[in-house]
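# Sharing a model that was predicted from the sequence below.
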Amino acid sequence: MINGNSIQRVFILGMDGAGNFIQHTDTPIIDAFLKKGASTLTAQAQSPTISAECWGSILHGVTPEKHQLNNEVAATTTFPSDSPYPSIFRLAREAWPEAKLAAFSSWRPINSGIIEEDLGIHKESLPDEELVGAIENYLEHNLDVKLLFMQLDEPDAAGHKFGYGPDSKLYLEAISKNDGLFGRVLGTIEKLGLLEDSLVILLTDHGGGGDNKYSHGSDHPMDKNVFWGCVGPGIEPGTEVPGLYIVDTAAVAAHALGLGLPENWDAKLPSFVGK
Ligand SMILES: [Zn+2]
């Protein structure tokens, strides 16, 4: 059961388009981290299994039919700040007008089109490696951050270019490289003494190579199955997480922060969280 009284902040750390292919390549950091908490290799991406739809659900707690985001909408418009489907960032801002909130996305439309503007969120969009440097720098100066989101992009870029799946060497290498970048962020969190009283969620938004070797969007298991895990106070190491949809990420994060879940969210609390 998540011990909410012990949690001061939440980190949502993601990479794009990695599915559950961490099991087919070297990801020592993620593997070791997931063992320390609750995890699964068969969480389900939302349908359609596309970036804006899936990150939109992760961050807004509702299915794509409700948040209405797609890649073009996310790239060209801002998310309405009076939407009935607030992001986890808007919930946090409404609860804590002064809290430090930060979003780092390699794929810029997450920051510009999925997370609301005008909430006083520290936002940066940079290529993966530079983004991680920016996160390290931010954390060192903002130990009191309440909610931090990260999205790295290279696995998805490599999948579109070289093909997704367990037989695509350069795709798997991109996932392994991102494992090292996750390690830098997790190492910084630990070095700064933030690990004991944080909830850290690791995830990806969708896989790929199901219907199309070089794409995603279908309901094929290669597109739908994704790794997901979280580590934090009160979560027993080795806990399995059956039946999770990535939309539920928003519920886990909100609950850990002590925020009530909006009634209209589709996000449900998995059983390991407790009530
Ligand atoms: Zn994606």
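Sure, I can see it.
# My read is that Leu261 contacts Val273, right?
No - counting by Cβ atoms under 8 Å, Val273 is not a contact partner of Leu261; they are 11.1 Å apart. In this view, the C-beta of every residue, glycine as well, is placed from N, C-alpha and C.
# Which of these two has more residues huddled nearby?
Per other Cβ atoms under 10 Å, whichever of Leu261 and Val273 has more neighbours is Val273, with 21 against 15.
# before we move on, what SS does Glu136 have?
helix (DSSP: H, G, I helix; E, B strand; the rest coil).
# Run through the residues that contact it.
If you count contacts by Cβ atoms under 8 Å, 6 or more residues apart in numbering, Glu136 has them with 184-185, 188.
# can you do 6 Å?
Thr188 (Cβ atoms under 6 Å, 6 or more residues apart in numbering).
# Can you read off the pLDDT for the residue in the chain positioned nearest to the ion?
Closest approach between the chain and the ion, counting by Cβ to the ion: Ser51, at 3.0 Å. According to the prediction, Ser51 has pLDDT 98.
# State the number of residues packed around it.
For Ser51, using other Cβ under 10 Å, the count is 24.
# what's the answer for Glu98, then?
8.
# swap in the one 5 residues further on?
Counted with other Cβ under 10 Å, residues neighbouring Ala103 total 23.
# That one and Ile114 touch, don't they?
No - with contact defined as Cβ atoms under 6 Å, Ala103 does not reach Ile114; the gap is 9.1 Å.
# Please identify the residues of the stretch 51-200 of the chain in proximity to the ion?
51, 156 (Cβ under 5 Å from the ion).
# Sketch out the strands for the stretch 51-200 of the chain, chain order is fine.
Ranges of strands within the stretch 51-200 of the chain are 100-105, 122-124, 145-152, 198-204, based on DSSP state E, counting those that start in this stretch.
# Give the other helices and strands that the third one contacts.
If I follow you right, that is strand 145-152. Here strand 145-152 touches strand 9-15, strand 100-105, going by 3 or more Cβ pairs under 6 Å, 6 or more residues apart in numbering; DSSP states H and E.
# Would you mind finding the most buried of those strands?
strand 9-15 (a mean of 25; mean count of other Cβ atoms under 10 Å).
# CA-only coordinates of the helix or strand following that strand in PDB, if you can.
Using DSSP states H and E, the helix or strand that directly follows strand 9-15 along the chain is helix 28-35. The C-alpha trace of helix 28-35 is given here as PDB (Å, rounded to 0.1, in the frame of the first residue of the first chain):
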ATOM      1  CA  PRO A  28      20.100  -2.900 -16.000                       C
ATOM      2  CA  ILE A  29      19.000   0.300 -14.400                       C
ATOM      3  CA  ILE A  30      15.300  -0.100 -15.100                       C
ATOM      4  CA  ASP A  31      15.300  -3.900 -14.300                       C
ATOM      5  CA  ALA A  32      16.900  -3.300 -10.900                       C
ATOM      6  CA  PHE A  33      14.600  -0.300 -10.100                       C
ATOM      7  CA  LEU A  34      11.400  -2.200 -11.000                       C
ATOM      8  CA  LYS A  35      12.400  -5.000  -8.700                       C
END
